[in-house]
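Engineer: Here's a sequence, model it:
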Amino acid sequence: MNLNFFYQKMSIMLVIFMIQVNTHCVQFSMHDATSTSSDSPIPAPSVEHLQQEVQQLKDKLTWYETEYLKLTKMISASNGRKETHLSPGGSPWLPFDSSEELEQAKKEAETEAQKLLDDLPKPPSGKPKKPRNGSLPSHLPEVKKLCDVPESERTCSSHGPMTMIGMDKTETLVYEPPKLYKLLTEYPKYGCACCKENGIVSAERPTGLVEGNKYDSSVAAAVVTQKYDAHLPLYRQTDIFAVSGWTPSRSTLLNLIRQSAFVFEPLVSHLARLVKADEAVGLDESSCRMLLPPELTEEESQSDSQPLVRKPLDPKAKRLEEKIKEARDAGQDSILGKMWAYRGLVKAPYNIFDFRISRHRDGPEEFFRTSECIVQGDCFSGNTSVVLQSEGRLRFAACWAHARRKVYDVNKDNPHRKKLLDMIQGLYDINSREQGLDTSAKTLHRQTLAVPMLEVIWKYVDALTDQIVLPKSDLAEALRYLRNHREALSVYSTNGRIPIDNNRVEQLMRQVALGRKNWLFVGNVEAGERAAMLMTLVSSAKRHHLDVWMYLKNVLDRMLSGETDYSRLVPDIWKADHPEGVREYRVAESRQKEDRKQITRALSIATKNQPFSQGGWKGVAELVVGFERKLG
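Structural biologist: Sure, this is the predicted structure:
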């Protein structure tokens, strides 16, 4: 549909309505005039009737204005223009004691910042050329190939055979499909030929992942990595293995995944216990569809081999039965489950996934049953209710990214929207200067800069009363969100352990979404729990930039050999013991991305002639100098 057409139509309707209101008022005025001049009395409308009509007109006006704002918001969104917000210079809400102090700080720092910008190397004219490094990685094996000239062409007609005067070399990267081979392990058996008392002696056989040790842990690690890191469903993996000469069935690959999850289960439980005991945990969730199990006959339902649930009194199993019954009564063939993610924020740097049947709060409620920590997430009632019912064990910290999103969705023509976004961006400007600080330094930094900024934000929010903002407008909705969660949004400002937002946890949902887009659904509850278990290990390994396949294979081998010291198998400890398993290029990319973000923010503020939150231009100067030293 053409939004501009509806925009114009709504504008015309609003104008017509205002004309009707004015006409109505004129009619009342004429009625008063005629009633005083006429000899014959004309019955006047009652006061109650007039008040009802006035209230109806007010309600209509409010509805038209709200719809008008909605349409302008839709039209603005359809333009597709991206906004960036920086702390504005000279705004009265900046936490300076006086305007003279603001101007003085600005003048002092402008000189320093301008000097830094002048000292930066001038960009060359035209498109800059990046230095080309044509060499391939030196650690790759070399296969030499000699391309010589035929002997008949190496003879000079006057002087005979030519002499080689040099050698040109080129490097070409060659790809070969992964190779599979059969490992034939022989176990000699020894026995006494004269007596049978000593029996037969043979070397002890290691515990295999499957019966007969038919498939090595390297194969299982490859299947799990491709399924939950590369998000490849099993039928695509069959094609990949077929290139190497082995065409496994999907049931074979599924059996490898099932057995791997069985071995990994104690380690995953250990990781979950560490996250539950952490000082702060972030959480979020995403949908994951589960197929309904087939209906069982009366004989099958009474058989122990086909239980619908594992424990008769398990609340999770009871919830499953209820959801299955609701879905079947509605004629559905699947259930929309949820994959919860819990991210340790302080002492337990691991990501835990938990599959649940619905967005019911029983997931976080069970996870935090014995925890005493700060829980950070969006202000969904399922999250906040778990904290409220914890009897003081838990404290909720809200996410400023969600709060900013509420304000961002307000109609762009509203002047209060930009002011609020600028204020919130001021908090992020302050937060961006925390890189490299420890927890105590972060806490002091936030108490010095973020707390005054928050006080200004709350004063501005409180000043926008219903007399200024329409109660049913989108701005009023954003203000209600800020007011209702004021305490939770302020938690981070006095605690250096808590991030300003929950974005890192929300990014974990990309792993769920990518997987869901490829393997579409889980077949049953067991499959969902198995996926959550393996995603926990894969995601935690990626969080520490580990080679996922190398980590899974090594842990599988050690756990199959009987190792139970799970504290040595967690990703961060394993990383210290196996530096060869770290993806250094990912570490460098992460560091460069963060540095580039900070420098871009500083230079953007400087070039736009705007101060860097409370620190003003001095903050820009300090930031640029610090990164120039860091980058050499």
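
Engineer: Can you pull the phi/psi pair for residue 290?
Structural biologist: phi -120, psi 130 (degrees, to the nearest 10).

Engineer: Flag the shaky bits of the stretch 1-150 of the chain, pLDDT-wise.
Structural biologist: Along the stretch 1-150 of the chain, segments meeting pLDDT under 70 span 1-45, 64-65, 67-134.

Engineer: if we go to 50?
Structural biologist: Applying pLDDT under 50 to the stretch 1-150 of the chain picks out residues 1, 3, 7, 26, 29-30, 33-40, 86-93.

Engineer: Likewise for the chain?
Structural biologist: Using pLDDT under 50, the chain drops low at 1, 3, 7, 26, 29-30, 33-40, 86-93, 296-313, 609-621, 623-632.

Engineer: Find the centremost residue of it, please.
Structural biologist: Taking CA atoms, centre = their mean as the criterion, residue 507 is the residue nearest the geometric centre of the chain, at 1.2 Å.

Engineer: all helices for the stretch 301-450 of the chain, in order.
Structural biologist: According to DSSP state H, counting those that start in this stretch, the stretch 301-450 of the chain carries its helices in the segments 315-329, 362-367, 381-388, 400-408, 415-432, 439-445.

Engineer: Now render these as TSV, adding distance to residue 258 and mean neighbour count.
Structural biologist: Heads up, the C-betas are built off the backbone N, CA and C, glycines and all. As requested, these are exported to TSV (distance: least, CB to CB, whole Å; neighbours: other CB atoms under 10 Å):
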stretch	distance to residue 258	mean neighbour count
helix 315-329	20	15
helix 362-367	23	19
helix 381-388	31	17
helix 400-408	38	19
helix 415-432	44	20
helix 439-445	42	14
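
Engineer: could those helices go into TSV alongside distance to residue 463?
Structural biologist: Formatted as TSV, the helices of the stretch 301-450 of the chain follow (distance: least, CB to CB, whole Å):
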stretch	distance to residue 463
helix 315-329	46
helix 362-367	36
helix 381-388	26
helix 400-408	15
helix 415-432	10
helix 439-445	28
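
Engineer: Residue 248 is nearest to which of those?
Structural biologist: helix 315-329 (31.3 Å; CB to CB).

Engineer: helices or strands up against that closest one?
Structural biologist: Here helix 315-329 touches strand 334-344, helix 362-367, going by 3 or more CB pairs under 8 Å, 6 or more residues apart in numbering; DSSP states H and E.

Engineer: Residue 409 is nearest to which of these?
Structural biologist: Shortest distance between residue 409 and those, using CB to CB, is found for strand 334-344: 24.3 Å.

Engineer: Now do the buried residues in the closest one.
Structural biologist: Going by neighbour count (16 or more other CB atoms under 10 Å), the buried part of strand 334-344 is 335, 337-344.

Engineer: From the residues you listed, pick the one nearest residue 227.
Structural biologist: Nearest member of these to residue 227, counting by CB to CB, is residue 339, at 14.8 Å.

Engineer: Correct me if wrong: the closest one contacts residue 512.
Structural biologist: Yes: with contact defined as CB atoms under 8 Å, residue 339 reaches residue 512; the gap is 4.9 Å.
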